[in-house]
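Asks: Below are the sequence and a predicted model; questions follow.
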Amino acid sequence: MQDVEWDQALIEHYNTASPRYTSYPTALEFTSSFSETDFSAAASRYPTRPLSLYLHIPFCHQLCYFCGCNKVVTRHPEKADQYLLHLQAEIRQRALLFKQRRLTQVHFGGGTPTFLSDEQLAGLMALIRAEFRLSDEAEVSLELDPRQFPVERLTALRAIGINRLSMGVQDFNPMVQQRVNRKQDASQIAELLLTMKSLGFTSTNIDLIYGLPLQTVESFGHTLEQILILRPDRLSIFNYAHMPELFAAQRKIKSYELPNPTQKLKILQQTIGQLQAAGYQFIGMDHFALPDDELAQAQRAGRLQRNFQGYTTQCNTDLLGVGVSAISMIGDSYSQNEKSLKDWSSRLLERGSALVRGIGLSTEDMLRRDIIKTLMCQFLLEISAIEKTLQQPFWDYFAEERRLLEPMVQDGLVTITAKRLQITAKGRLLVRHICFCFDQYSRQRASQRAFSRVI
Ligand SMILES: C[S@@+](CC[C@H](N)C(=O)[O-])C[C@H]1O[C@@H](n2cnc3c(N)ncnc32)[C@H](O)[C@@H]1O
Ligand code: SF4
């Protein structure tokens, strides 16, 4: 079991801004010089790799003030019809490049995929089956907003082939819910989760956020107690990223009502204690799972992976993103679609592709990507395997990184031997900070203010 050890002084000392490393290089390095031709070339690079498909459904019924996702809040369900027409065109066009691949994972993210009706979701699944070689064992997951979601809809989702669900909950406290404009009922969440389990959905996940207005150690502890009774397979406990200059809705949140950094740390410390006592395994940044969940098993077996959707069990898989703002990870490249709905659809109509930026990875990028991914997923790096590729001693090649890591060695966050770099139980909560030492781009950026705090 991967354990986390809380060291208050070290956490406070290292709690600086740092990327989340859902990719390396991070999305900040994408540029408009990456073209559609580059994308096609990347798609032909590893023609037999399995494929994972991400579909971004941006619509939501109501605005949650904390939200930092790419979403469009609307009362008009017909907006989705127009969007789906364009999305279907994009799927058909992209599928041409991946006809030979086995599709082993499909994920509907958002926004709120359950903004779509059962018929609309069924139509999308039918199109995916027609255009791709969907594997019988594929993971087909969807993000669900439990509000305005009748429990009967779960049967329909199961019938169209969805087999994994994730549900946003955030917090049960009525005052906190009022402040973030997101009211929902604990008994309804319980009914949904129990029904999901009885219908055979696996790896069921619940999202919570700590750091919201009016939250206290006691109030969040109580929310978590209520959730733990339900025993979801996974829990994502996000640190509230408050960036009102970037997300207008967050300006409705009064900054003086937010817990201060010390209170936030206390909430997190208590949360980790509660989760460990309840038998959850720390997967890595924000994520916890029951030991028999496939993410926890993959981590113990050294098979865990990380991509734009977070942690995953999908190994050596290319990721194709469709829909507004979606990101792809194809071959040795990353690329992203237009972020605004209007520009995404007009670009798709005019040019047949909504891709606007990306990056082709150099050999150096790939080396560092593998190191960062391994550290994020396993907390352990076997140096000898990499030395064979480098054809020189690892720490000769990474002399500057070794120098940057030294204070962390002294502080007991990492241990370094001739054969391995190991992140200790104390270092696991600061894994981003450790990875930062291997990140050439972010180190070069004069200001680190572009990233959210580690905790
Ligand atoms: C796409 S939403 C989940 C599905 C659905 N829209 C819902 O809210 O139930 C993704 C998750 O991101 C998290 N999130 C959104 N904005 C955030 C922020 N500013 N800081 C931290 N987490 C955030 C929330 O936990 C949310 O459930
Ligand atoms: S948290 Fe979910 S439901 Fe709320 S605005 Fe964001 S994407 Fe929409």
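Replies: Arrived safely. Ligands and ions are numbered 1, 2, ... in the order given.
Asks: What separates the first and last residues of stretch 145-158, distance-wise?
Replies: Using C-alpha to C-alpha, to the nearest Å, the gap from the first to the last residue of stretch 145-158 comes to 16 Å.
Asks: which parts of that stretch are buried?
Replies: 145-147, 149, 154, 157-158 (16 or more other C-beta atoms under 10 Å). In this view, the C-beta of every residue, glycine as well, is placed from N, C-alpha and C.
Asks: Among the residues you listed, which ones lie close to ligand 1?
Replies: Counting by C-beta under 6 Å from any ligand atom, Asp145 from the buried residues of stretch 145-158 sit close to ligand 1.
Asks: ok, of the buried residues of stretch 145-158, which one's closest to Gly360?
Replies: Gly360 lies nearest to Asp145 out of those, by C-beta to C-beta, at 36.4 Å.
Asks: contacting residues for that closest one?
Replies: Shown in contact with Asp145 (C-beta atoms under 8 Å, 6 or more residues apart in numbering): 60-61, 112, 114-115, 167-168.
Asks: List just the nearest of the buried residues of stretch 145-158 to Gln276.
Replies: Pro146 (26.3 Å).
Asks: Next up, the contacts around the closest one.
Replies: 167-169, 184, 188-189, 192.
Asks: Can you turn the buried subset of the contacts of Asp145 into a selection I can paste into PyMOL?
Replies: Command for PyMOL, covering only those of the contacts of Asp145 found buried under the criterion 16+ other C-beta under 10 Å:
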select buried, resi 60+112+114+115+167+168
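Asks: any idea how far the residue nearest to Pro58 when sequence neighbours are not counted is from Arg420?
Replies: Distance criterion C-beta to C-beta, 6 or more residues apart in numbering; nearest residue to Pro58, sequence neighbours excluded, is Gly111 at 4.0 Å. Distance from Gly111 to Arg420, counting by C-beta to C-beta, to the nearest Å: 41 Å.
Asks: neighbour count winner among those two?
Replies: Gly111 (24 against 13; other C-beta atoms under 10 Å).
Asks: surely that one meets Lys71?
Replies: Yes. If you go by C-beta atoms under 8 Å, Gly111 and Lys71 touch, sitting 4.3 Å apart.
Asks: Report the set of residues contacting both of the two.
Replies: The contact sets of Gly111 and Lys71 overlap at 58-60 (C-beta under 8 Å, 6+ apart).
Asks: just curious, which of those residues is nearest to Phe394?
Replies: Each of the shared contacts of Gly111 and Lys71 was scored against Phe394 by C-beta to C-beta, and Pro58 proved nearest at 43.5 Å.
Asks: Over to that closest one: give its phi and psi.
Replies: phi -80, psi -10 (degrees, to the nearest 10).
Asks: Check Pro244 too.
Replies: Per-residue torsions, Pro244: phi -60, psi -20 (degrees, to the nearest 10).
Asks: coming back round to it: just flag the most distant two among the contacts of Pro146.
Replies: Maximum distance among those (C-beta to C-beta): 12.9 Å, for Gly168 and Gln188.
Asks: Give the residue spans of this protein that score low on pLDDT.
Replies: 1-2, 446-455 (pLDDT under 70).
Asks: switch the cut-off to 50
Replies: 1-2, 446, 450 (pLDDT under 50).
Asks: got the residues of it near ligand 1?
Replies: Close to ligand 1, as judged by C-beta under 6 Å from any ligand atom, the chain has residues 60, 66-69, 110-112, 143, 145, 168, 170, 207, 209, 238, 240-241.
Asks: show me which of these neighbour ligand 2.
Replies: Subset of these in contact with ligand 2: 60, 67, 69, 110-112, 145, 168, counting by C-beta under 6 Å from any ligand atom.
Asks: can you tell me which of these lies nearest to ligand 1?
Replies: Gly168 (2.2 Å; C-beta to the nearest ligand atom).
Asks: Outline the domain layout of this structure.
Replies: For the chain, automatic domain parsing gives the domain ranges 1-25+362-455, 26-318.
Asks: Out of the ones you listed, which gets nearest to Lys342?
Replies: The nearest among those, by C-beta to C-beta, is domain 26-318 at 10.1 Å.
Asks: and that closest one, how far apart are its ends?
Replies: 17 Å.
Asks: what about the helices in the stretch 1-150 of the chain?
Replies: For the stretch 1-150 of the chain, the helices defined by DSSP state H, counting those that start in this stretch cover 8-14, 36-43, 78-95, 118-131.
Asks: go on, the stretch 151-300 of the chain?
Replies: Here the stretch 151-300 of the chain has its helices, by DSSP H, counting those that start in this stretch, at 153-159, 174-180, 186-198, 217-230, 261-277, 294-300.
Asks: Show residues contacting the third one.
Replies: Residues external to helix 186-198 that are found in contact with it (C-beta under 8 Å, 6+ apart): 144, 146, 149, 151, 154, 165, 167, 169, 172, 204, 206, 226, 229-230, 232.
Asks: One more: the fifth one?
Replies: Taking contacts as C-beta under 8 Å, 6+ apart, the residues outside helix 261-277 that touch it are 3-4, 6, 8, 11-12, 15, 210-211, 215-217, 220-221, 224-225, 228, 235, 237, 239, 259, 282, 288, 429, 453, 455.
Asks: now that helix, how far from the chain's geometric center?
Replies: Averaging C-alpha positions (C-alpha atoms, centre = their mean, to the nearest Å) puts helix 261-277 21 Å from its chain's average.
Asks: try the first one
Replies: Centroid separation between helix 153-159 and its chain, computed with C-alpha atoms, centre = their mean, is 24 Å.
Asks: Packing partners of that helix?
Replies: Helices and strands touching helix 153-159, by 3 or more C-beta pairs under 8 Å, 6 or more residues apart in numbering; DSSP states H and E, are helix 118-131, helix 186-198.
Asks: Would you indicate which residues of the longest one are buried?
Replies: Applying a neighbour-count criterion of 16+ other C-beta under 10 Å, the buried positions in helix 118-131 are 120-122, 124-125, 127-128, 131.
Asks: just these now: which is nearest ligand 1?
Replies: Leu121 (14.4 Å).
Asks: For Gln422, which three-state class applies?
Replies: Following DSSP: H, G, I helix; E, B strand; the rest coil, we place Gln422 in the strand state.
Asks: For it, list the residues it contacts.
Replies: Per C-beta under 8 Å, 6+ apart, neighbours of Gln422: 379-381, 414-416.
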